[in-house]
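>>> sequence? don't have it. structure:
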Ligand SMILES: Cc1cc2nc3c(=O)[nH]c(=O)nc-3n(C[C@H](O)[C@H](O)[C@H](O)COP(=O)(O)OP(=O)(O)OC[C@H]3O[C@@H](n4cnc5c(N)ncnc54)[C@H](O)[C@@H]3O)c2cc1C
């Protein structure tokens, strides 16, 4: 005899596309092909949504921003045009910096406090392989120690979203996800289908990422001792700072980079990305809108403020500043990059010295970097993927790019 189900009892949950999906087999060609940023979505059952979720197959910044923040950015407000929806921007450093972090460790400290206070059950972050400090190993950290062990950038494409596969049955209902723009775009697109009660998103600005092999080429072309580099950053003084395993620091002016070699080193995903400032995150912690040595914090919404509240009393904070005029330098840079010019070191040092003293600072430095990368990337998309230019370059980026003269395609 079969028993009829009472209309008051919940029936089985209707199956969703990801219930029936399997991660792509290792080594498979990813749907975004050459443009894949290896965000990890395809390595989870949420690959079922890849056509709508992948940042390189489908971009919808307006939908992303409205979904995450309740509104899209105001294109007529120059700060929002550049830095996205926000309630607040400030600069900061941890009063007690975390040894071995990328800057002062604000991101790791937020992750630690989120676990200690019970705000979340786990933090999605990126550890390192035991064999190679620059090979990323995404994880769902359950303890402050695991979050701290994941501090410092692994400056390579990282499949963060592969760990979504571990969520079902894990007991994790409240998650803090740390990630770069392409990872966060995909995460937001599948957020409503995840087995979570609450999601907080702590974003990092990101540009010019590379595969592990590409990183090696970069280090070999830019550092005197590539094997001993443990940390590097393109900093606001227009120099790359390399920290070596014995603690010494090496610096190189941006203008001394071997552009002919490096033009092909950045991942195609990064050469076609316009989400430098991580539009979909609740809170973004970077550096490029702050003066040298400080971090730059953008609070996009109330959840972002909740994250910042976890550590604000431990920060030495200050206002954002903006000085100088980036525009002529950006225009000259577009032409120099396109011709793949490499300056002799002495000239690069002189140009670097001048720009460091008289060049853009604070938010204007942030705009310099955004303008330089958006113009370069628009040209790259136009030349390599002309059919996707119209749908892929968002309105805010078009407005920024239109301020410059681009070389013929
Ligand atoms: C690839 C990359 C490029 C960046 N480019 C810029 C930039 O151009 N301008 C700018 O202002 N800021 C950029 N940032 C952010 C900046 O370098 C710092 O990460 C940020 O300011 C936080 O510093 P912190 O000391 O608070 O971080 P820490 O406390 O050291 O924590 C770093 C966090 O980064 C996470 N992480 C490490 N590697 C990756 C990865 N590959 N993908 C995703 N998450 C990762 C770790 O989980 C860790 O939680 C970039 C970050 C990355 C990972």
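That came through fine. Because the structure is a prediction, the values reported are computed rather than measured.
>>> ok and the residue in the stretch 201-350 of the chain nearest the ligand?
residue 286 (2.6 Å; C-beta to the nearest ligand atom). C-beta coordinates here come from the backbone N, C-alpha and C atoms, glycine included.
>>> what's the neighbour count on that residue?
By the criterion of other C-beta atoms under 10 Å, residue 286 has 23 neighbours.
>>> what's the answer for residue 12, then?
With neighbours defined by other C-beta under 10 Å, the count for residue 12 comes to 6.
>>> Can you tell me the SS state at it?
Recorded secondary structure, residue 12: coil (DSSP: H, G, I helix; E, B strand; the rest coil).
>>> circling back: SS state for the closest residue to the residue of the stretch 201-350 of the chain closest to the ligand other than its chain neighbours?
Leaving aside its sequence neighbours, residue 286 sits nearest to residue 205 (C-beta to C-beta, 6 or more residues apart in numbering; 3.8 Å). Assigned by three-state DSSP, the conformation of residue 205 is coil.
>>> what residues are up against residue 205?
By C-beta atoms under 8 Å, 6 or more residues apart in numbering, residue 205 lies in contact with 180, 181, 276, 277, 278, 284, 286, 288.
>>> And the pLDDT for the first one?
In other words, residue 180. Looking at residue 180, its pLDDT is 98.
>>> Look up how far the ligand lies from it.
Separation of residue 180 from the ligand (C-beta to the nearest ligand atom, to the nearest Å): 5 Å.
>>> Next step: the contacts of residue 205 restricted to strands.
284, 286 (DSSP state E).
>>> among the contacts of residue 205, which one has the lowest pLDDT?
The member of the contacts of residue 205 with the lowest pLDDT is residue 288, at 94.
>>> doesn't residue 236 make contact with that one?
Yes. Using C-beta atoms under 8 Å, residue 288 is in contact with residue 236, at 6.5 Å.
>>> For the stretch 51-200 of the chain, which residues are neighbours of the ligand?
Where the stretch 51-200 of the chain comes near the ligand, counting by C-beta under 6 Å from any ligand atom, the residues are 101-108, 125-126, 136, 150-156, 158, 160, 178-180.
>>> Filter those residues down to the ones in helices?
Among those, the members found in helices (DSSP state H) are 106, 107, 108.
>>> Tell me which residues touch the first one, please.
Taking C-beta under 8 Å, 6+ apart as the contact definition, residue 106 lies against 92, 93, 94, 285, 295, 297, 311, 315.
>>> Setting aside sequence neighbours, what's the nearest residue to the third one?
Excluding its sequence neighbours, the residue lying closest to residue 94 (C-beta to C-beta, 6+ apart) is residue 104, at 4.2 Å.
>>> How about the backbone phi and psi for the one you found?
Main-chain torsions, residue 104, degrees, to the nearest 10: phi -110, psi 0.
>>> What number of residues are in the vicinity of it?
Other residues lying near residue 104 total 22 when counted by other C-beta under 10 Å.
>>> before we move on, what about residue 349?
Neighbourhood size, residue 349 [other C-beta under 10 Å]: 16.
>>> I'd assumed residue 254 was in contact with it.
No. Contact between residue 349 and residue 254 fails when scored by C-beta under 8 Å: they sit 11.4 Å apart.
>>> so what's the residue of the stretch 201-350 of the chain closest to the ligand bridging to?
Beta bridges link residue 286 to residue 296, judged by DSSP bridges.
>>> ok, it - contacts?
Going by C-beta under 8 Å, 6+ apart, the list of residues near residue 286 reads 204, 205, 277, 295, 296, 298.
>>> Burial check on the third one, number of neighbours?
The reference is to residue 277. The tally of other residues near residue 277 (other C-beta under 10 Å) stands at 26.
>>> So it versus residue 286, what's the distance?
Distance of residue 277 to residue 286, computed by C-beta to C-beta, to the nearest Å: 8 Å.
>>> any shared contact partners between those two?
Contacts common to residue 277 and residue 286, judged by C-beta under 8 Å, 6+ apart, are 205, 298.
>>> Surely residue 89 forms part of a strand?
Yes. Under three-state DSSP, residue 89 sits within a strand.
>>> That one contacts residue 290, doesn't it?
No. The pair residue 89 and residue 290 fails to qualify as a contact (C-beta under 8 Å) at a distance of 9.4 Å.
>>> Name the residues contacting each of those two.
Shared contacts of residue 89 and residue 290 (C-beta under 8 Å, 6+ apart): 296, 320.
>>> Mind checking which of these two has more residues around it?
residue 290 (26 against 19).
>>> Does that one belong to a helix, a strand or coil?
With three-state DSSP as the criterion, residue 290 reads coil.
>>> What residues does it make contact with?
91, 92, 236, 296, 320, 362.
>>> and residue 336, what helix or strand is that in?
Using DSSP states H and E, residue 336 maps to helix 327-338.
>>> and the next element down the chain from that helix?
helix 345-358.
>>> Could you pull up the mean pLDDT of that following helix?
Mean per-residue pLDDT for helix 345-358: 83.
>>> That one relative to helix 327-338, how many degrees between them?
Angle between the axes of helix 345-358 and helix 327-338 is 150 degrees (criterion: axes from the mean of the first three to the mean of the last three C-alpha atoms, to 10 degrees).
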